[in-house]
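Engineer: just need the structure, nothing else, for what follows:
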Amino acid sequence: MEMWLLSKVFARDIAGYAADAERAGWDGLMFPDSQNVIGDVFVHLGIAAAVTSRIKLGTGVTNPYTRHPSVVASAAVDLQQVTG
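Structural biologist: The predicted structure is shown next:
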């Protein structure tokens, strides 16, 4: 079962959300990707990955009109390389 964060998510709160979700036994945690409303989703994923070891992480949705697919792919590759 996955937890989707659908409200405004602030970078200062990500580590706590992620650690709590993993500790509570959730299988996954997804963050929204909404330019101009909240911070960068890939930064949020990196913060979550730094404090977790088991939980799956991902973007709940992204907009290919405002974030080109090649930019998403590049960010995802970098995140995977850093977090394994």
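Engineer: tell me which residues of the helix of greatest length in the chain come out buried.
Structural biologist: Using DSSP state H, we find that the single longest helix of the chain is helix 69-83. Of the residues in helix 69-83, 72, 75, 79 count as buried by neighbour count, 16 or more other Cβ atoms under 10 Å. C-beta here means a position set from N, CA and C on the backbone, and glycine is covered the same way.
Engineer: turn those into TSV, including pLDDT and distance to residue 32.
Structural biologist: Output for those, formatted as TSV (pLDDT from 0 to 100; distance: Cβ to Cβ, whole Å):
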residue	pLDDT	distance to residue 32
72	88	14
75	91	15
79	90	16
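Engineer: between these, which sits nearest residue 45?
Structural biologist: Closest approach to residue 45 among these (Cβ to Cβ): residue 79, at 5.7 Å.
Engineer: and that closest one, what does it touch?
Structural biologist: By Cβ atoms under 8 Å, 6 or more residues apart in numbering, the contact set of residue 79 is 42, 45, 46, 49.
Engineer: give me the outermost residue of this structure relative to its centroid.
Structural biologist: residue 65 (19.4 Å; Cα atoms, centre = their mean).
Engineer: SS state for residue 46?
Structural biologist: When classified by DSSP: H, G, I helix; E, B strand; the rest coil, residue 46 comes out as helix.
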